[in-house]
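Trainee: Structure, please.
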Amino acid sequence: MGARRKTRKKPARRKAAKKKSGRKKAARKKKGGRKKAARKKTGRKKAARRKTAKKKSGKKKAARKKKSARKKTARKKAARKKTARKKTGRKKAARRKPGSKKTASKKATRRKPAARRKTARKAPVASVAPAPRPVAAAPAALRPFVPATPAFTPRPASPAAAPAVPPPVAATVPDRIGVITHYYPHVNAGIIQLEAGELRVGDTIHIRGATTDFYQRVDRLELDHRQVESGRAGQVVGVHVSQRVREGDAVLKVS
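Mentor: Numbers count the residues shown, from 1 in each chain. Take a look at the predicted model:
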């Protein structure tokens, strides 16, 4: 009985051993496939890196060739310019040489007649003063012109009928009411800080400073971008100005 049992157990063990060995082989194959795939990926990456490196090196080589070609062309141009300058200098020198002889001969020929003229000069002749002109006789005395008396003499106008002339603006007494704080040239507007009194539309102001001095009538007043008829002390008012004003100019109200 014991021998039969041993014979029965052997094929079962062999099957189990075969299964284990098959599993191990499959695992090894899987590992080998993974390693192969990893190797392929690394190979592809290396190939891509080599291609990029080759491209970069090719670009660098092309840039170097271009630089060297530019340098060569610049050297050739400089050499051509030098040769052209030398040729022009030689031509000018060759032209000047015969010209100097001609100029020297011309100067010599010009100097010779000057010596002859000195010998041929005549003695100075005494100048004769011109005879004086006869003075015309003075005219006879004329009678003074007396205008004829007009037939009609107008009577002087009465003082009551004469129009009343207003006194000049400068003769009036001005009062200081504020100071210019800003000027907008694109709008011709001046900003006035009112210090005392009151400013109304229609008043005459005198703006005076280091370089400004003029009179003007106030046609429009603005307070906070709104049209106003008058402004009081402590307010900041905008006025349309006929001339340029500066910061710090005094504003006087002419009464």
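Trainee: Low-confidence ranges, the stretch 51-200 of the chain, go.
Mentor: For the stretch 51-200 of the chain, applying pLDDT under 70 flags the ranges 97-173.
Trainee: Can I get stretch 84-96 in PDB, CA atoms only?
Mentor: As requested, the backbone C-alpha atoms of stretch 84-96 are provided in PDB (Å, rounded to 0.1, in the frame of the first residue of the first chain):
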ATOM      1  CA  ALA A  84      40.900 103.500 -54.300                       C
ATOM      2  CA  ARG A  85      42.200 106.100 -51.900                       C
ATOM      3  CA  LYS A  86      45.700 105.400 -52.800                       C
ATOM      4  CA  LYS A  87      44.900 105.700 -56.500                       C
ATOM      5  CA  THR A  88      43.000 109.000 -56.100                       C
ATOM      6  CA  GLY A  89      45.900 110.300 -54.000                       C
ATOM      7  CA  ARG A  90      48.400 109.400 -56.700                       C
ATOM      8  CA  LYS A  91      46.200 111.000 -59.400                       C
ATOM      9  CA  LYS A  92      45.900 114.200 -57.400                       C
ATOM     10  CA  ALA A  93      49.600 114.300 -56.800                       C
ATOM     11  CA  ALA A  94      50.200 113.700 -60.500                       C
ATOM     12  CA  ARG A  95      47.800 116.500 -61.400                       C
ATOM     13  CA  ARG A  96      49.300 119.000 -58.900                       C
END
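Trainee: where along this structure do the helices fall?
Mentor: Listed in chain order, the helices of the chain (DSSP state H) span 2-119.
Trainee: domain ranges for it?
Mentor: Domain segmentation of the chain under automatic domain parsing yields 1-79, 175-254.
Trainee: and of these, who's closest to Gly89?
Mentor: Nearest to Gly89 among the domains of the chain is domain 1-79; the distance by C-beta to C-beta comes to 15.7 Å. Just so you know, the C-beta spots here come from the backbone N, C-alpha and C atoms, and that holds for glycine as well.
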